[in-house]
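Asks: structure of the sequence below:
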Amino acid sequence: MSVQTIAAADALARLAEFSAIIDARSESEFAHDHLPGAVNWPSLNDTQRARVGTLYKQASPFEARKLGAALVARNIADHIERELGDAPRGWRPLLYCWRGGQRSGALALVLGQIGFRVTLIEGGYKAFRVALLADIPVQVQRLRFRVVCGPTGSGKTRLLHALAAAGAQVLDLEGLAHHRASVLGLIPGVPQPSQKHFEMRVWDTLRALDPARPVYVEAESKKVGNVTVPETLMAAMRTSACLRIDLPDDERVALLLEDYPFFVSDPDFFCQRLDTLVALRGRAVIDDWKARVAAGRTEQVVRELLALHYDPGYASSTRRNFARFDQARPVPLADRSPASLRAASAAILAEDAGPQARG
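Replies: Below you'll find the predicted structure:
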């Protein structure tokens, strides 16, 4: 049998060495958070865990262990038959469960008896997460950020995507969070990751970045929807060099209508989101906006949202949160077209590649 263990801190740096990363926890635990690239082979699924747990509490721990062993054995057999028919002898899995290693250990025992070289993470997912949280500041510290600033609708996210298409390094926090960051930024039908999985995704992105090249990131508040940006990353962003996008107001309105098409196609959803602004704007204003949305005058409402809700205080808020905003490099955009964004990206990258680019 070939089963060995690896410390969680070592596993952080060695994930790429393994043929597969296997999470032996239940499907709900896996959905809440899991290691990058992991696949889910539950030793016990959610229903089975509840059944065994109930038997343990209400009848007998011994009887519960017998039932659990039978269920685990059947599940492991199913996983092997389903997944390993074509696996070569050199296939090397990395296994983990929650903490104690019982669920992953059972799977490791069988795979090791087959002849595979199996590695278990000491302390399981829980230890890996502790090591990951300690590593995020390390990853942040080695990188240089360029923070893309601009009022709502100015094309910050589109510019990030254009920079990425041009070969730049980009940290897309809104993409990782599945949220557009504003109070209206919920994306219908797209759930946000848990806080733990968001942090896992941020760490996985950071560790792949080259410290010799700048990393472009959008100016964000601490919260992106329901998830929170890691504190050390937020602190680094707030002291980094800034870019400031300038886009004409008519183009901003058009851009928002393109990027939030569901506000036009689903006015009821738009009105539900507007209700979240009652405490800030007052019931009379919100009811007026909702009436106009219902009448098909969504563009009017978007224009007023910018003028009355988003734009007032934008510059002072950004200046307060991003120390180098006053020295921000201007990025004027004539319009929202892909050609304008490509040209702006090329200019940014050319300047950052010059000998004067620092910090």
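
Asks: what mean pLDDT does the strand or helix carrying residue 63 have?
Replies: For residue 63, the host element (DSSP states H and E) is helix 61-83. The pLDDT scores in helix 61-83 average 96.

Asks: which parts of that helix are buried?
Replies: 64, 67-68, 71-72, 75-76, 79-80 (16 or more other Cβ atoms under 10 Å). (Each C-beta comes from the backbone N, C-alpha and C, glycine too.)

Asks: so which residues of this protein form strands?
Replies: Assigned by DSSP state E, the strands in the chain fall at 2-6, 20-23, 39-40, 93-96, 117-121, 145-149, 169-171, 215-218, 223-224, 227-228, 241-246, 329-332.

Asks: nearest to residue 11, of the buried residues of helix 61-83?
Replies: residue 79 (21.1 Å; Cβ to Cβ).

Asks: does that closest one touch residue 41 like I think?
Replies: Yes. If you go by Cβ atoms under 8 Å, residue 79 and residue 41 touch, sitting 4.4 Å apart.

Asks: residue contacts, residue 24?
Replies: 41-43, 95-97, 103-104, 106-107 (Cβ atoms under 8 Å, 6 or more residues apart in numbering).

Asks: for it, give me the pLDDT.
Replies: 98.

Asks: what's the answer for residue 1, then?
Replies: At residue 1, the pLDDT value in this model is 60.

Asks: next: residue 182.
Replies: What the model reports as pLDDT for residue 182 is 76.

Asks: same question, residue 354
Replies: At residue 354, pLDDT is 69.

Asks: export the helix holding residue 63 as PDB, just CAs?
Replies: Listed in PDB are the C-alpha atoms of helix 61-83, where the atom choice follows Å, rounded to 0.1, in the frame of the first residue of the first chain:
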ATOM      1  CA  PRO A  61     -22.600   4.300  18.300                       C
ATOM      2  CA  PHE A  62     -21.600   0.800  17.400                       C
ATOM      3  CA  GLU A  63     -24.600   0.200  15.200                       C
ATOM      4  CA  ALA A  64     -24.000   3.600  13.600                       C
ATOM      5  CA  ARG A  65     -20.400   2.700  12.800                       C
ATOM      6  CA  LYS A  66     -21.500  -0.600  11.200                       C
ATOM      7  CA  LEU A  67     -24.000   1.200   9.000                       C
ATOM      8  CA  GLY A  68     -21.500   3.900   8.100                       C
ATOM      9  CA  ALA A  69     -18.900   1.400   7.100                       C
ATOM     10  CA  ALA A  70     -21.300  -0.400   4.800                       C
ATOM     11  CA  LEU A  71     -22.400   2.900   3.200                       C
ATOM     12  CA  VAL A  72     -18.800   4.100   2.800                       C
ATOM     13  CA  ALA A  73     -17.700   0.800   1.200                       C
ATOM     14  CA  ARG A  74     -20.500   1.000  -1.300                       C
ATOM     15  CA  ASN A  75     -19.800   4.600  -2.200                       C
ATOM     16  CA  ILE A  76     -16.100   4.000  -2.600                       C
ATOM     17  CA  ALA A  77     -16.800   1.100  -4.900                       C
ATOM     18  CA  ASP A  78     -19.100   3.300  -7.000                       C
ATOM     19  CA  HIS A  79     -16.400   6.100  -7.200                       C
ATOM     20  CA  ILE A  80     -13.800   3.600  -8.400                       C
ATOM     21  CA  GLU A  81     -16.000   2.000 -11.000                       C
ATOM     22  CA  ARG A  82     -17.200   5.400 -12.200                       C
ATOM     23  CA  GLU A  83     -14.000   7.300 -12.300                       C
END
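
Asks: what comes up buried for the lowest-mean-pLDDT helix or strand in the chain?
Replies: Least confident element among the helices and strands of the chain, by mean pLDDT, DSSP states H and E: helix 261-265 (a mean of 87). Neighbour-count burial for helix 261-265, counted by 16+ other Cβ under 10 Å, picks out residue 263.

Asks: run a quick neighbour tally on residue 46.
Replies: Residue 46 has 14 neighbouring residues, counting by other Cβ atoms under 10 Å.

Asks: please name the residues that touch the closest residue to residue 149 other than its chain neighbours.
Replies: Using Cβ to Cβ, 6 or more residues apart in numbering and skipping the chain neighbours, the partner closest in space to residue 149 is residue 219 (4.5 Å). The neighbours of residue 219, taking Cβ under 8 Å, 6+ apart as the test, are 147-150, 156, 237, 242, 318, 321-322.
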